[in-house]
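S.K.: Predicted model and sequence follow; I will ask about them next.
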2 protein chains.
Amino acid sequence: MYVGIMQNSGYTIQIMAERCGMTAHTLRYYERVGLIQPVGRAHNGHRRYSDADEAWINFLHCMRATNMPIREMQRYAELRELGDSTSEQRRKILEDHQAAIAEQITQLQQAHALLMHKIANYKAIEQRIRIDQPALSEPEIDCAIESVG
Amino acid sequence: MYVGIMQNSGYTIQIMAERCGMTAHTLRYYERVGLIQPVGRAHNGHRRYSDADEAWINFLHCMRATNMPIREMQRYAELRELGDSTSEQRRKILEDHQAAIAEQITQLQQAHALLMHKIANYKAIEQRIRIDQPALSEPEIDCAIESVG
DNA sequence: GTACATCTTTGAGCGCGCTCAAAGTCAAGG
DNA sequence: CCTTGACTTTGAGCGCGCTCAAAGATGTAC
């Protein structure tokens, strides 16, 4: 039996899922694993999400979308429950993740540049085929990052 | 019994794994699922990787590192085996992946900016704690991407 | 000769992050 | 009253990408 706050106002789980770009399944899962604190309920036991919940869920979504592991998000969520005294630990988590993001961006940018080259190479090959000189086509260049950077 | 080319020169699987920043397990797995064509063997049946293999493996590594699914890499590898006539299809795959990379970069950059704000906010909270005015501390801001712009 | 390292194969197992199935509750509509 | 639909819970299942275990072959060192 649920003994928390009863509130018939707020977003339903479906609405919340749509607003945050995730599924109701995922919202329940996040609550189960402690990423979201037990949320308010309507008189019939159905979840009702507040705007504060939405802000937090959007934050979670943003962290997941940038490949923060669930475990680390759990750690962060736990610290958050403990209040301001955990500020430094939480900040460290965010700083670490920010660094991880920076690395990811670097990787992606290198790959993006590599693809520019390969795509240009394909266009050249197609052009050669188009003017009917297949005998002149070179072997494909499978250049890796280091041959680009 | 293997009946391919016997070559005692080339890189061993361990060396290749180190050079490409992956494990020998993964190299065998990639060969099993068709991402890598059957590679040369020494007289004792051990794999021997060539420089051309290395270039291709580095490319695979780069695509995986930027979240191209194995399935799509398989599709690309198959087309590659079919020669120049598949150039356009392969180019499309690369262009699609390049677009996916661009989207990822955007997401990551937004998250990076969001973390800048949140980290600054944490520093402010810590500063307030340090000068012993905990009563003035505001509730944490869990601002999401949209509140960052 | 015999240990040891390094490789081989095949199939199974695992960690992650959902995703779904089953069975049940409740409120509204016809 | 009965159906419909949106929700609830719990536990199981799944897709992905490895990762490993087991059993065996081979080459080198002592």
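M.R.: The structure has been received and is ready for your questions.
S.K.: And for the closest residue to DNA strand C within chain A, the neighbour number?
M.R.: Of chain A, the residue with the smallest distance to DNA strand C, taken as Cβ to the nearest atom of the strand, is A:Ile70 at 3.1 Å. In short, each C-beta sits where N, CA and C put it, glycine included. A total of 15 residues lie near A:Ile70 under the criterion other Cβ atoms under 10 Å in any protein chain shown.
S.K.: Give me the nearest residue to A:Arg28, chain neighbours excluded.
M.R.: Nearest residue to A:Arg28 in three dimensions, chain neighbours excluded: A:Ile13, at 7.3 Å (Cβ to Cβ, 6 or more residues apart in numbering or on different chains).
S.K.: hang on, the earlier thing: mind listing what the residue of chain A closest to DNA strand C touches?
M.R.: Residues in contact with A:Ile70 (Cβ atoms under 8 Å, 6 or more residues apart in numbering or on different chains) are A:33, A:35, A:64.
S.K.: Weed out the non-buried ones from the residues you listed.
M.R.: A:35, A:64 (16 or more other Cβ atoms under 10 Å in any protein chain shown).
S.K.: now, which of the contacts of A:Ile70 sits nearest chain B?
M.R.: Set against chain B, the nearest of these by Cβ to the nearest Cβ is A:Arg64 (10.0 Å).
S.K.: now the closest one: how far from A:Glu72?
M.R.: With distances taken as Cβ to Cβ, to the nearest Å, A:Arg64 is found 10 Å from A:Glu72.
S.K.: Longest helix in chain A, by number of residues?
M.R.: Criterion DSSP state H: the longest helix present in chain A is helix A:87-130.
S.K.: which strands and helices sit next to that helix?
M.R.: Counting contacts by 3 or more Cβ pairs under 8 Å, 6 or more residues apart in numbering or on different chains; DSSP states H and E, helix A:87-130 packs against helix A:70-81, helix B:51-65, helix B:87-130.
S.K.: Let me know the average pLDDT across the first one.
M.R.: Spelled out, that is helix A:70-81. Regarding helix A:70-81, the rounded mean pLDDT is 97.
S.K.: which residue sits closest to the residue positioned nearest the centre of chain A, ignoring its sequence neighbours?
M.R.: Nearest to the geometric centre of chain A sits A:Ala65, at 0.5 Å (Cα atoms, centre = their mean). Of all residues beyond its chain neighbours, the one nearest A:Ala65 is B:Gln107 (5.5 Å), with distances taken as Cβ to Cβ, 6+ apart.
S.K.: Quick one: neighbours of that neighbour, just the number.
M.R.: For B:Gln107, using other Cβ under 10 Å, the count is 19.
S.K.: for A:Ile13, same thing?
M.R.: 18.
S.K.: For it, grab phi and psi.
M.R.: phi -60, psi -40 (degrees, to the nearest 10).
S.K.: quick one: it and A:Arg41 touch, right?
M.R.: No. Contact criterion Cβ atoms under 8 Å: A:Ile13 and A:Arg41 do not qualify, at 10.9 Å.
S.K.: Enumerate every residue touching A:His25.
M.R.: Counting by Cβ under 8 Å, 6+ apart, A:His25 has no contacts.
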